[in-house]
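Colleague: quick one, fold the following:
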Amino acid sequence: MTTSALLADGTVVQVRELGPEDVEALLDLHRSLPVEDRYLRFFSTSPRQLEDFVERMVSPD
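Modeller: The predicted model follows:
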């Protein structure tokens, strides 16, 4: 399901649930964060924990 949302600057964006097809894009996004930012968000910089986190985010549970 896709929903439209209006940002504070007036831009309209589409918001949808994550799915298995989003795994690589999410991993790329999180890996591109500076190490300090990744640590502050996830309390870890470990790639193994990052992959587990992304898998949980895209699972249908």
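Colleague: low-confidence regions, the chain specifically.
Modeller: 45, 47 (pLDDT under 70).
Colleague: spatially central, which residue of it would that be?
Modeller: Leu26 (4.7 Å; CA atoms, centre = their mean).
Colleague: list the buried residues in stretch 32-39.
Modeller: With burial defined by 16 or more other CB atoms under 10 Å, the residues of stretch 32-39 counted as buried are Arg38. All C-beta spots, glycine's among them, are computed from the backbone N, C-alpha and C.
Colleague: picking that back up, can you pull the contacts of the residue nearest to the centre of the chain?
Modeller: Leu18, Val54, Met57, Val58 (CB atoms under 8 Å, 6 or more residues apart in numbering).
Colleague: surely it is in a strand?
Modeller: No. The assignment for Leu26 is helix, going by DSSP: H, G, I helix; E, B strand; the rest coil, so no strand is present there.
Colleague: could you check how far it is from Asp9?
Modeller: Applying CB to CB, to the nearest Å, the value for Leu26 to Asp9 is 24 Å.
Colleague: Val13: helix or strand, and which one exactly?
Modeller: For Val13, the host element (DSSP states H and E) is strand 12-16.
Colleague: return the distance of that strand from the chain's centre.
Modeller: Relative to its chain's centre, strand 12-16 lies at 14 Å (CA atoms, centre = their mean, to the nearest Å).
Colleague: using PDB, write out every CA atom in it.
Modeller: The C-alpha coordinates for strand 12-16 follow below in PDB (Å, rounded to 0.1, in the frame of the first residue of the first chain):
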ATOM      1  CA  VAL A  12       4.700  15.500  -1.800                       C
ATOM      2  CA  VAL A  13       6.300  12.100  -1.200                       C
ATOM      3  CA  GLN A  14       5.100   8.500  -1.600                       C
ATOM      4  CA  VAL A  15       5.400   6.300   1.500                       C
ATOM      5  CA  ARG A  16       5.200   2.500   1.300                       C
END
